[in-house]
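K.L.:
Next come a sequence and a model predicted from it.
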Amino acid sequence: MATRLSGIRLAKRLDEVGFSGIVQVRNKVMELRAEGHKVLGFHGGEPFFDTPQEIKYAAIKALVENQTHYAPSSGLLPLRQALVEKLATKNRIRATVDEVIATVGGSHGLYAAFQSVLDPGDDALVFSPYWTPIADLVTGTQARPLFVPTVSARRNGIRKTLNQFSTPHTRAIYYNTPQNPSGVVFTRTEAEEVAAFAIERDLVVIADEAYEDLVYEGEHVSIASLPGMAERTITCFTFSKTYSMTGWRADYTVAQEPFMTALRKIVLYSTNGVPTPVQFAMIQALKTPEADIARRRDEYRQRRDLLVAGLNEVGLECPPPAGAFYAFPNAEIVNKYSRTAAQILLQKALVATVPGDFFGAQGEGHLRFSYAVSLHEIESCIDALRKFFA
Ligand code: PLP
């Protein structure tokens, strides 16, 4: 007898949404390690450092003191007050406690931002190469990402290039600085160009400042701090990178109305807020002296310099990235297709990287190496590459 299962199907809006290709690399690495191979892992995107002790103790104290009940879904007031203070002093973004919201990871903030702004049929400009989930976050709203090549935009003029790639349906720009995977840090002049374009075309900017504390050359400019931008910008920040808190899923977003109402609804119905003890850890993290953050940045800079020198020495041409913790060398001497190049390095040198085309067509020909690893691992990687290229 024929069964009638036609009602059992997935929501169509998920058809175009993919899973990050990086998961495939991670699985392959786990497989090789299970077979006993010593794989050097440069594919991840998380700090090798542990969360500072005082942040962990703040969460433990909150648990012991029974701070285990519901908190306001936007975040505890003392947390939002500390965030307002941080945004004013560090980012020059003036916000009230009602204009910040705690989110369960920067990814959650970005999800809420795209969901708040985009409708089916809209277009969003995305500088490319881009952090892989972004295309899926855009298509998940049934909007379309329009990829703007960062390299040529910087060469030919940001405003002119954005104009070229824009359509009458464009509603938003995703603006990530420092960038994952390229390490590009947009200059103040470039930020001003993006801002001028957004104002001229009446667009919303979704700013992703996950790596705001990892700038080695130049300055970090929060686009929402530029004149006329706070009212059209949703800025997503994360505790993951600065404080080595990837597993805590602790982050926040700042925006004005009408965005805040939408963000609150999405946070309320998706997670109903960040776990209460984690919010106490966030309050503690925000007390970290700037000198400690600068010291950590120096440790990343040391890793960047060591890795980039090694990559250039073996012929993987790589200008020093100005920010974040990724090197993005040209890998065409291994293979012109980045997926094949990554496979070859994984199999022959036991070095795991991410193919550049996972970050969009503009990333093809490159490999992403994360240097958020130990100095020893970087040295071992360079040795392995030297042998491979010998
Ligand atoms: N934005 C960028 C560019 C990232 O690379 C990441 C993480 O890798 C995030 C946002 C989100 O990080 P999380 O969800 O850990 O806060």
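P.N.:
It's in.
K.L.:
Which strands and helices lie in contact with the helix or strand encompassing residue 151?
P.N.:
Assessed by DSSP states H and E, residue 151 sits inside helix 150-156. Judged by 3 or more Cβ pairs under 8 Å, 6 or more residues apart in numbering; DSSP states H and E, the packing partners of helix 150-156 are strand 123-128, helix 158-165. All C-beta spots, glycine's among them, are computed from the backbone N, C-alpha and C.
K.L.:
what does the first one contact?
P.N.:
When contacts are taken as Cβ atoms under 8 Å, 6 or more residues apart in numbering, the neighbours of strand 123-128 outside the stretch itself are 114, 118, 134-135, 138, 143-150, 153, 162, 165-167, 169-176, 179, 203, 206, 359-363.
K.L.:
Distance-wise, check the residue in the stretch 51-200 of the chain positioned nearest to the ligand relative to residue 45.
P.N.:
Of all residues in the stretch 51-200 of the chain, residue 106 sits closest to the ligand, at 2.9 Å by Cβ to the nearest ligand atom. Residue 106 is 11 Å from residue 45, where distance means Cβ to Cβ, to the nearest Å.
K.L.:
same deal with residue 264?
P.N.:
Distance of residue 264 to residue 45, computed by Cβ to Cβ: 28 Å.
K.L.:
Those two: which is more packed in?
P.N.:
Neighbour tally, residue 264 and residue 45, criterion other Cβ atoms under 10 Å: the higher count belongs to residue 45, 20 against 17.
K.L.:
for the ligand, what are the nearby residues on this protein?
P.N.:
The interface of the chain toward the ligand, taken as Cβ under 6 Å from any ligand atom, is made up of 45, 105-107, 131, 176, 180, 208, 210, 238, 240, 246, 251.
K.L.:
thought residue 216 was touching residue 297?
P.N.:
Yes. If you go by Cβ atoms under 8 Å, residue 216 and residue 297 touch, sitting 7.3 Å apart.
K.L.:
Out of the contacts of strand 123-128, which sit inside strands?
P.N.:
Using DSSP state E, 144-149, 170-176, 206 are the members of these that sit in strands.
K.L.:
Tell me which two of the residues you listed sit farthest apart.
P.N.:
Within the ones in strands among the contacts of strand 123-128, two members stand farthest from each other by Cβ to Cβ: 149 and 171, at 20.5 Å.
K.L.:
can you pull up the bridge partners for the nearest residue in space to residue 174 that is not next to it in sequence?
P.N.:
Leaving out its chain neighbours, the residue that sits closest to residue 174 by Cβ to Cβ, 6 or more residues apart in numbering is residue 126, at 4.6 Å. For residue 126, the beta-bridge partners under DSSP bridges are residue 147, residue 174.
K.L.:
For residue 126, give me the pLDDT.
P.N.:
Listed pLDDT for residue 126 reads 98.
K.L.:
Residue 12 too?
P.N.:
Residue 12 carries a pLDDT value of 88.
K.L.:
Tell me how far it lies from residue 112.
P.N.:
Counting by Cβ to Cβ, the gap from residue 12 to residue 112 is 22 Å.
K.L.:
Show me which of these two is the more surrounded one.
P.N.:
Taking other Cβ under 10 Å, residue 12 and residue 112 do not tie; residue 112 has more neighbours (27 against 8).
K.L.:
Tell me the secondary structure at the more buried one.
P.N.:
Look at residue 112: counting by DSSP: H, G, I helix; E, B strand; the rest coil, its state is helix.
K.L.:
so it sits right up against residue 263, yeah?
P.N.:
Yes. At 4.9 Å, residue 112 and residue 263 qualify as touching, with contact defined as Cβ under 8 Å.
K.L.:
ok, back up a step: can you tell me which of the helices and strands packed on helix 150-156 is most buried?
P.N.:
Mean neighbour count (mean count of other Cβ atoms under 10 Å) peaks for strand 123-128 among the helices and strands packed on helix 150-156, with a mean of 25.
K.L.:
Now do it against strand 144-149, angle only.
P.N.:
When axes from the mean of the first three to the mean of the last three Cα atoms, to 10 degrees is applied, the directions of strand 123-128 and strand 144-149 differ by 30 degrees.
K.L.:
now strand 123-128, how far from the centre of its chain.
P.N.:
For strand 123-128, the separation from the chain centroid amounts to 15 Å (computed by Cα atoms, centre = their mean, to the nearest Å).
K.L.:
tell me which element the residue nearest the centre of the chain is part of?
P.N.:
Taking Cα atoms, centre = their mean, the centroid of the chain lies closest to residue 210, which sits 5.3 Å from it. Assessed by DSSP H and E, residue 210 sits outside every helix and strand.
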